[in-house]
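1. Compute the structure for the input listed below.
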Amino acid sequence: MLAVLCVAPAMHSQSAAPTPAEFKASLATVQASSPEWFKIIESVKVDDFPVGYVTGKQYDQSKYIVEEDLKMVLLWSDRAAQTGSLFAEINYMSAVQELQAQLQLFSSLISDFTVSDRTVTSKVQNWSTEMSNIANGPLDQAFKKAYTYTTRHALNVEKACPKP
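-> Residues are numbered from 1 along each chain as shown. Sure, this is the predicted structure:
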């Protein structure tokens, strides 16, 4: 969340908050894209890496975290779409940010893998690129929309609430 606080002012000033319809469309896009994202994540076969047990477990754990984070994004995107609650929107935004960070971490972890077999190296680099593309493309856009929409929603709630 610290990263949100650091980049939030810049993002807030650069883009107008999406309308409720645009935010729901963003949620729907994430939900519709998730089967392809799961497919890409699942395609990473740790057994294809000629690595030791400890390193293989590290890859497995990172992959598991990414899969679980994607499930959380879907859970909160569904709740945000159905309820429109600020609580659900904040949790969705947080889940997207966490997934984005974990995808980047996993992508970086596997891209550091080196082996003399060009086929394996190419496969690993493709996995890394696909995950980076998700994190830096559609997830980044989803986070920006969630941030600007949720910020506006929170400001509107704050304005509506009486001051103590």
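
2. do you know how far N136 is from A101?
-> Going from N136 to A101 by CB to CB, to the nearest Å gives 12 Å. Every residue, glycine included, has its C-beta placed from N, CA and C.

3. Could you pull up the mean pLDDT of the strand or helix carrying T150?
-> Following DSSP states H and E, one finds T150 within helix 138-160. The pLDDT scores in helix 138-160 average 94.

4. okay, that helix in PDB with CA atoms only?
-> Output of helix 138-160 as PDB, limited to C-alpha atoms (Å, rounded to 0.1, in the frame of the first residue of the first chain):
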ATOM      1  CA  PRO A 138      -4.100  -5.100 -18.500                       C
ATOM      2  CA  LEU A 139      -3.400  -5.400 -14.700                       C
ATOM      3  CA  ASP A 140      -1.800  -2.000 -14.700                       C
ATOM      4  CA  GLN A 141      -4.800  -0.500 -16.500                       C
ATOM      5  CA  ALA A 142      -7.200  -2.200 -14.100                       C
ATOM      6  CA  PHE A 143      -5.300  -0.800 -11.100                       C
ATOM      7  CA  LYS A 144      -5.300   2.700 -12.500                       C
ATOM      8  CA  LYS A 145      -9.100   2.500 -13.100                       C
ATOM      9  CA  ALA A 146      -9.700   1.000  -9.700                       C
ATOM     10  CA  TYR A 147      -7.500   3.600  -8.000                       C
ATOM     11  CA  THR A 148      -9.100   6.600  -9.700                       C
ATOM     12  CA  TYR A 149     -12.700   5.300  -9.300                       C
ATOM     13  CA  THR A 150     -12.300   4.200  -5.700                       C
ATOM     14  CA  THR A 151     -10.600   7.500  -4.800                       C
ATOM     15  CA  ARG A 152     -13.500   9.500  -6.200                       C
ATOM     16  CA  HIS A 153     -16.000   7.100  -4.500                       C
ATOM     17  CA  ALA A 154     -14.200   7.600  -1.100                       C
ATOM     18  CA  LEU A 155     -14.100  11.400  -1.600                       C
ATOM     19  CA  ASN A 156     -17.900  11.400  -2.300                       C
ATOM     20  CA  VAL A 157     -18.500   9.300   0.800                       C
ATOM     21  CA  GLU A 158     -16.300  11.600   2.900                       C
ATOM     22  CA  LYS A 159     -18.200  14.700   1.600                       C
ATOM     23  CA  ALA A 160     -21.600  13.000   2.500                       C
END
